[in-house]
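Sharing a model that was predicted from the sequence below.
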Amino acid sequence: MAYTTYILIGLLPLVYYLLPYIVDAKKLRRFNAPFPAAFSDFWLFWQARKGVRHFAVHDMHKKYGKFVRIQPEHISVADPAAIPIVYGHGTGFLKSDYYDAFVSIQRGLFNTRDRAEHTRKRKTISHVFSTKSVLQFEPYIHHNLELLAKQFNKMSDSPDLSGSYHKLDILHWTNYLAFDIISDLTFGSPFGMLESGKDQAFVKDPATGKVTTAPAIQVLNRRGEVSGTLGCAPWVKQFAKYLPDKFFTEGVKAVEDLAGIAIARVSDRLDHGIGNEREDLLKKLMDGRDEHGKPLGRKETEAEALTMLIAGSDTTSNTLCSLMYWVLRTPGVLESLQKELDEALQGDWSVPNYAAIKDCKYLRAVINETLRIHSTSSLGLPRVVPPKGYTVCGEFFEGGTVLSVPSYTIHHSDEIWGDASAFRPERWFNLTELQKKSFIPFSVGPRACVGQNVAELEMITIVATMFSGWDWKFAEGEKQGLPGAPLDTVEGFLRKPLGLNVGIKRRRA
Ligand code: HEM
C-alpha cells in the first residue's frame, strides 16, 4: 500500500471525531466541555468506568457553570428550571439511547424508549403500585423485617465492641433485606438471604430443573456498573464481552445471570403455580390489562419481573445504608428519631406496623434528607430533545440533542438548599417552593419512579424497626466514624456505598 493510503487511513479517526465538531450541526460548540467530551463519548464513558460519573460532572459544573457539554451531543444542565421541561409531562422529551445498554430478555418499563409502548406498559403496570395495592404488600415486608429482627437480636447477644455492641457491615444487611423483600413481592418467596446471612439466591434452570446458586447482589451490582458505562457509548455493547477488561466480561455475564434468575422464578409461578394464591407484585402484573383488555405476554411478564427486581432492590438498600451513616454522624439525629418512635410505639417492641408510624414527621424528614444528600440516582438521566427543538433556561437546543439535569448537583446546590452539605432533617418542616421543585430522587413526569409508594412503605417501616429496637454507633477504628470522613461510594447506574461497619446493641434487655 502506498504511504498516502496509510496516511489517509491514519487520518480517518481524526475526520470521524473532528468533522462533526467542525460542522457543529446542533450548534453545541458554544458550550464548555472537558477534553475530549466535545469530540467523543470517551470522556463520559471513562468517568462511568471509574464509577465517578456524577462527581466528575459536578466538578465540571463548578468549573464551567450551568451548561456543560459532557458528550458530543449531550449537554448537562444544572438548573432546577430545566427539570419540568426535560422530564415533565407534555414536553415530548424521550429517553436516549443510553437505556439500550440496559435491555435484557426484552425491553421493560424502565428501558422502553418508544412513547406509545411506554404508555401501554405503564397503564398495564401502574395499578400494581396504587396506594391500595401497595398496602397489601405490607405483610410480606413485615415478615422479612421479623427475620431481620431475629438476626439483629442474635448478633446483639454476642458483643465484640466496647459498650456491648456487636460489629456488622450494615450494607450487607440492608441488601439482604431489600433483596428478600423484592423477591418475596415479585416472585412469591424471598431469596433466603436474611435466613442464611449470605448473598445467595437459589436459581432453578427451567429446562433441566437443576438448582444452582448465584450471588444476586454482586450480579446486580456488576450489571448496573457495566450497563451504566456501556450506556455512554451504546455501540460498544456488541463488543463488550471481547474487551480485555474483566469489568466488561464479568458484567455481560452478570446481565445474563440476572435474567436467568428472573426467568426461573417466574417459571415457578406460571408453570408450577407456586404461590398463586398470593396478592403480590407478580400476581398484580399477571392480572394487569392494557386499554384493549390484553394481559402482558410471557416474555413481557419475565422482563417486567426482572425490571422490578433490579429497580426495587439496591435503590432501597443503598439509601438505607447511607441513612445509617448520616444518622450516626450527625449529632442529635439518632436521639430525636428514637424519641419520636418511642412516643409513637408506646413501649411496643415488636416490628412496627405502618399504621403506627406513618405520621412520624421526623422519621419522614430523615428519609427525605437522606434521599437528597445521598441520592442513589445521582446522575443526570438523559433525554432527547423533540424534533422541533426546545428552549431550556434561555438556550435553544436542536431536536435530537440529549439533555440531562444532574440530580447530585441539584441536590448539593447551596443556592437552592443554603447549607447543602449539612444533613439537617429539620429543613423538611419548612421547605421553599424552589426546594420542593428541586427534590428529584424519584425523578418526575411520565418516567418517574413507578415504585415510589412501595419504596416509601419499605423505608418507613424498615427505618422505624431498625432505630426503635436497637442502638447503633460507628464501629471503632472505622474511617467513616472519624470527623468529616465521607461514605465511600461507587457509581454504576446508582450511587452505591461500598460498605459501613457499625455496632449494634438491643435497646431493651
Ligand atoms: C429508594 C428507592 C428508589 C429510588 C430512589 C428510585 C428512583 C427511581 C428513579 C430516579 C427512576 C427514574 C429512572 C430513569 O428515568 O432512568 C425510577 C424508575 C423506576 N423505578 Fe424506582 N426508585 C426506588 C425504588 C423503586 C421500587 C421499590 C420499585 C419497584 C418495586 C421501583 C421501580 C421503578 C421502575 C419500574 C421504574 C421505571 C419507570 C418508568 O420508566 O416508567 N423503584 N426509580
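That came through, no problem. Since we're looking at a predicted model, the values are computed, not measured. Numbers count the residues shown, from 1 in each chain.

Quick check: closest non-adjacent residue to P159.
Closest residue in space to P159, ignoring its immediate chain neighbours: H166 at 5.1 Å, by CB to CB, 6 or more residues apart in numbering. The way it works is simple: take the backbone N, C-alpha and C, and place the C-beta from them, glycine included.

next helix or strand past the worst-scoring helix or strand of the chain on mean pLDDT?
Sorting the helices and strands of the chain by mean pLDDT, DSSP states H and E puts strand 201-204 at the bottom, at a mean of 71. Counting by DSSP states H and E, the next helix or strand C-terminal to strand 201-204 is strand 211-214.

how far does that next one sit from the chain's center?
25 Å (CA atoms, centre = their mean, to the nearest Å).

so K121 touches T112, yeah?
Yes. Counting by CB atoms under 8 Å, K121 does reach T112; the two are 6.0 Å apart.

List the contacts of the closest residue to the ligand within the chain.
Closest residue of the chain to the ligand, CB to the nearest ligand atom: G451 (2.2 Å). The contact partners of G451, by CB atoms under 8 Å, 6 or more residues apart in numbering, come to 129, 308, 311-312.

Check it and give its pLDDT.
Per-residue pLDDT puts G451 at 95.

What separation do you get for it and E304?
Using CB to CB, to the nearest Å, G451 is found at 12 Å from E304.

and what of D271?
To E304, D271 is 17 Å away according to CB to CB.

So between the two, which is more surrounded?
E304 (28 against 10; other CB atoms under 10 Å).

Surely the more buried one is in a helix?
Yes. Under DSSP: H, G, I helix; E, B strand; the rest coil, E304 sits within a helix.

Check the contact between it and Q106; I expect there is one.
No. Look at E304 against Q106 with CB under 8 Å: they stay out of range, at 9.7 Å.

hey, what's in contact with both of these two?
What both E304 and Q106 touch, as defined by CB under 8 Å, 6+ apart, is an empty set.

quick one: contacts for A485?
A485 touches K479, counting by CB under 8 Å, 6+ apart.

Now do F39: how many residues are near it, please.
By other CB under 10 Å, the residues close to F39 number 18.

So what's the predicted local confidence for it?
93.

K388 - nearest residue in space that isn't next to it in sequence?
Distances taken as CB to CB, 6+ apart place G399 nearest to K388, at 6.0 Å, with adjacent residues excluded.

so how many other residues sit close to the one you found?
The tally of other residues near G399 (other CB under 10 Å) stands at 13.

Can you name the residues that contact it?
385-389.

Most neighbours among those, please name it.
Most surrounded of these: other CB under 10 Å gives V385, at 26 neighbours.

any idea which element the closest residue to S130 other than its chain neighbours lies in?
Nearest residue to S130, sequence neighbours excluded (CB to CB, 6+ apart): N453, at 7.5 Å. Here N453 sits within helix 452-469, counting by DSSP H and E.

Paired strands for the helix or strand just after that helix, with orientation please.
Using DSSP H and E, the helix or strand that follows helix 452-469 in sequence is strand 470-474. Under the criterion DSSP bridges, strand 470-474 sits next to strand 501-506 (antiparallel) in its sheet.

what's the angle between the partner strand and helix 452-469?
70 degrees (axes from the mean of the first three to the mean of the last three CA atoms, to 10 degrees).

tell me the mean pLDDT over strand 501-506?
What strand 501-506 shows for mean pLDDT is 96.

returning to what we had before: make JSON lines from the contacts of G399 and add pLDDT, distance to the ligand and secondary structure to it.
Formatted as JSON lines, these follow (pLDDT from 0 to 100; distance: CB to the nearest ligand atom, whole Å; DSSP: H, G, I helix; E, B strand; the rest coil):
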{"residue": "V385", "pLDDT": "98", "distance to the ligand": "16", "secondary structure": "coil"}
{"residue": "P386", "pLDDT": "98", "distance to the ligand": "17", "secondary structure": "coil"}
{"residue": "P387", "pLDDT": "97", "distance to the ligand": "21", "secondary structure": "coil"}
{"residue": "K388", "pLDDT": "96", "distance to the ligand": "22", "secondary structure": "coil"}
{"residue": "G389", "pLDDT": "98", "distance to the ligand": "22", "secondary structure": "coil"}
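
and which of the residues you listed is nearest to V502?
Using CB to CB, V385 is the member of these that lies nearest V502, at 45.2 Å.

Pretty sure that closest one sits against F397.
Yes. Shown here, V385 and F397 form a contact pair, counting by CB under 8 Å, at 4.8 Å.

Pull stretch 402-416 out as CSV, backbone CA atoms only.
C-alpha atoms of stretch 402-416 as CSV (Å, rounded to 0.1, in the frame of the first residue of the first chain):
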residue,chain,number,x,y,z
VAL,A,402,-29.5,15.0,24.6
LEU,A,403,-30.1,16.9,27.8
SER,A,404,-29.9,15.9,31.4
VAL,A,405,-30.3,17.5,34.8
PRO,A,406,-27.7,16.1,37.2
SER,A,407,-29.6,15.1,40.4
TYR,A,408,-26.4,15.1,42.6
THR,A,409,-25.5,18.7,41.6
ILE,A,410,-29.1,19.9,42.1
HIS,A,411,-29.3,18.2,45.5
HIS,A,412,-26.0,19.7,46.5
SER,A,413,-26.5,23.3,45.4
ASP,A,414,-26.0,25.8,48.1
GLU,A,415,-28.0,28.3,46.1
ILE,A,416,-31.1,26.1,46.4
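
got a list of what the closest residue to L28 other than its chain neighbours touches?
Distances taken as CB to CB, 6+ apart place R69 nearest to L28, at 5.8 Å, with adjacent residues excluded. By CB under 8 Å, 6+ apart, the residues touching R69 are 28, 31-33, 37-38, 75-76.

Now do the same for R69: helix, strand or coil?
Following three-state DSSP, the label given to R69 is strand.

confidence score at it?
If you check R69, the pLDDT there is 98.

my guess is the residue nearest to P159 is in a strand, correct?
Yes. H166 sits within a strand when classified using three-state DSSP.

Run through the strands of this protein in chain order.
All strands of the chain, identified by DSSP state E, fall at 67-71, 74-77, 94-95, 166-169, 201-204, 211-214, 383-384, 390-392, 395-397, 402-404, 470-474, 489-491, 495-497, 501-506.

picking up where we left off before, ok, the residue nearest to P159 - contacts?
Counting by CB under 8 Å, 6+ apart, H166 touches 155-160, 503-505.

again, 6 Å this time
155-156, 158-160, 504 (CB atoms under 6 Å, 6 or more residues apart in numbering).

same deal with T249?
By CB under 6 Å, 6+ apart, T249 lies in contact with K241.

wait, isn't T186 in contact with L306?
No. Checked against CB atoms under 6 Å, the pair T186 and L306 is beyond contact range at 8.8 Å.

tell me the contacts of D97?
P234.

Which per-residue confidence value corresponds to it?
97.

Residue numbers of the stretch 351-500 of the chain in contact with the ligand?
By the rule CB under 6 Å from any ligand atom, the part of the stretch 351-500 of the chain lying against the ligand is 376-377, 381, 441-443, 447, 449-451, 454-455.
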